[in-house]
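S.K.: sharing a model that was predicted from the sequence below.
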Amino acid sequence: MTRQFWQARTALVRVGCLAVTILMAAAGAWHADGADPTKPLRRRASAPTSWDRAASSTFFDDAFVKLDGERPSFAAAADAGRTTDASAAPATPTAGGFAWSKLVSEETLTDEIKDQRAVVAAAAAKPTDFKGGGYEQAREAFSAIALCFAVIADYDQGIRWKKDAAFARDLFARVGFNCKAGTDQSFKESQARLDDLAALLDGNAPAGRPDRDEDFLWSQVAGRPSLMNRLETAEATLAAGLGSRGEFDRSRERLVRDAELVAVIGEAIHRPDFEDHDDETYRGHATGMRDAAVRLRDACSRKDYDAARRAADEIKKSCDDCHGDYRG
C-alpha cells in the first residue's frame with residue numbers, strides 16, 4: 001500500500017478517536033447534570049493543545065472563510081427558550097390571531113378606564129342616587145371598563161394590567177350585567193368594584209375573584225345595548241370635534257381616543273359568539289365602522305381635517321345603515 005494511503009488511514013483513525021473523546025466528554029457533562037447519581041462522575045477530557053500535520057490537514061484553519069451565509073443567532077435561540085412576564089410580551093399576534101394594537105393604544109384604554117371609573121363613582125355615590133337612575137349610568141360605564149380589560153387581556157403587546165386583565169374583565173362584566181336594576185345588592189357590588197379599580201390604578205391586584213367555569217365569550221363582556229350607548233357618546237364627541245377646523249385642531253387628542261374606541265366596539269360586536277356575527281350584512285356594517293374609525297384616527301394624526309370629516313361620515317353611515325337593517 002502507498003504511503004499516502006497509510007497517512008490518510010492514520011488521519012481517519014485520529015479523527016475517530018477525537019470524536020470518541022468528544023462524545024465521552026459530553027456524556028460526562030450530561031452525567032454531571034444528574035443523569036444517574038448511583039455511578040461515579042467522570043472528569044471532562046481536556047481539549048487537545050496541538051495537532052500533527054496529518055490531522056491538521058483534515059480541518060479548515062478558519063471555517064468562516066469557507067462557509068457562506070448568515071451565522072446562526074444563538075442568543076435568539078436561548079431567548080426563545082426563556083419564559084417571560086406577560087406584561088412584557090412581544091408585539092406578536094395573540095392566540096386569536098388579532099393585533100389589537102392596530103386599533104387602540106394603551107393610553108386610550110387606560111384613559112377610558114379612568115374616566116369611566118369617575119362616572120361610576122358619581123353614579124354610585126349614594127344608595128339613593130344609584131337607585132334613582134345612577135345604576136343605568138353605572139351599567140354603561142362598567143360595560144365600557146369590562147370591554148377595555150377584555151382587549152387588554154387579549155392585547156398583542158406588553159401593556160399595563162395585562163396580568164390581572166382577565167380577572168378584571170370578568171368582574172366588571174358581571175357587575176355591568178347586575179346593574180340592570182338599582183338594588184342594594186348591585187349598589188354593594190358597584191362599591192366593591194370601585195375598590196378593585198382603585199387597587200388596579202395603584203398597581204395592585206383586584207381583591208375580587210370571578211367564579212367563571214366556562215370558556216370566555218366576547219358577548220359576555222357587555223350587552224350590545226350598553227356598547228351602543230357608548231358608541232353614541234363617542235359619535236357625539238366626534239361630531240362636536242369636527243364641527244370646524246379650529247375645533248378639530250383643539251380636539252384632536254380626544255378625537256383620536258374616541259375613534260379608537262369606536263374601532264374597538266366595531267371589532268368586538270362581530271366576534272363569533274355575538275348575535276348576528278355570521279350575518280354577512282351585519283359583519284359588513286361592523287367592519288366598515290371599525291375601518292372608518294381607524295382612518296379617522298390616522299387622519300387626526302396627520303392633522304388632515306378633510307379626511308377626518310370623510311371618515312366620520314363613513315362611521316355615521318355604517319351605523320345608520322345597520323340600524324335601518326336590524327331595528328325592524
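M.R.: In hand now; what should we look at? Residues are numbered from 1 along each chain as shown.
S.K.: can we go C-alpha only for contacts and neighbour counts from here?
M.R.: OK.
S.K.: report all helices and strands that the host helix or strand of V264 contacts.
M.R.: For V264, the host element (DSSP states H and E) is helix 245-268. When contacts are defined as 3 or more Cα pairs under 8 Å, 6 or more residues apart in numbering; DSSP states H and E, helix 245-268 packs onto helix 106-123, helix 224-241, helix 280-302.
S.K.: give me whichever of those is most buried.
M.R.: Sort these by mean neighbour count, taking mean count of other Cα atoms under 10 Å, and helix 280-302 sits at the top with a mean of 21.
S.K.: now do the buried residues in the helix or strand just after it.
M.R.: Downstream of helix 280-302, the first helix or strand assigned by DSSP H and E is helix 305-326. Neighbour-count burial for helix 305-326 flags 305, 307-309, 311-316, 318-319, 322 (criterion: 16 or more other Cα atoms under 10 Å).
S.K.: ok, stretch 172-189 next?
M.R.: Buried residues in stretch 172-189 (16+ other Cα under 10 Å): 172-179, 181-183, 186-187, 189.
S.K.: on that earlier part again, any chance of the helices and strands packed on helix 245-268 in JSON lines, plus mean pLDDT?
M.R.: Converted to JSON lines, those look like this (pLDDT from 0 to 100):
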{"stretch": "helix 106-123", "mean pLDDT": "97"}
{"stretch": "helix 224-241", "mean pLDDT": "93"}
{"stretch": "helix 280-302", "mean pLDDT": "95"}
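S.K.: could you dump those helices to JSON lines with distance to D196?
M.R.: What follows is the helices and strands packed on helix 245-268, written out as JSON lines (distance: least, Cα to Cα, whole Å):
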{"stretch": "helix 106-123", "distance to D196": "10"}
{"stretch": "helix 224-241", "distance to D196": "21"}
{"stretch": "helix 280-302", "distance to D196": "31"}
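S.K.: circling back to that earlier point, contact partners of the helix holding V264?
M.R.: Applying Cα atoms under 8 Å, 6 or more residues apart in numbering, the external contacts of helix 245-268 come out as 103-105, 108, 218, 227, 231, 234-235, 237-238, 240-242, 286-287, 289-294, 296-297, 300-301, 303, 305.
S.K.: let's see it at 7 Å
M.R.: Applying Cα atoms under 7 Å, 6 or more residues apart in numbering, the set of residues contacting helix 245-268 from outside is 103-104, 108, 218, 227, 231, 234, 238, 241-242, 286-287, 289-291, 293-294, 296-297, 300, 305.
S.K.: and if you look at stretch 318-328?
M.R.: 282, 285, 288-289.
S.K.: make a markdown table out of the residues you listed and add distance to K126.
M.R.: Shown next, in a markdown table, are the contacts of stretch 318-328 (distance: Cα to Cα, whole Å):
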| residue | distance to K126 |
| --- | --- |
| Y282 | 40 |
| H285 | 40 |
| G288 | 41 |
| M289 | 38 |
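S.K.: that older thread, between helix 106-123 and the helix holding V264, find me the angle.
M.R.: 90 degrees (axes from the mean of the first three to the mean of the last three Cα atoms, to 10 degrees).
S.K.: quick one: helix 245-268 to helix 224-241, angle?
M.R.: Using the same axes, to 10 degrees, helix 245-268 lies at 160 degrees relative to helix 224-241.
S.K.: list the buried residues for helix 245-268?
M.R.: 248-249, 251-252, 254-268.
S.K.: could you pull out the helices for the stretch 51-200 of the chain?
M.R.: For the stretch 51-200 of the chain, applying DSSP state H, counting those that start in this stretch gives helices covering 53-56, 63-66, 74-80, 106-123, 127-129, 135-153, 165-178, 184-201.
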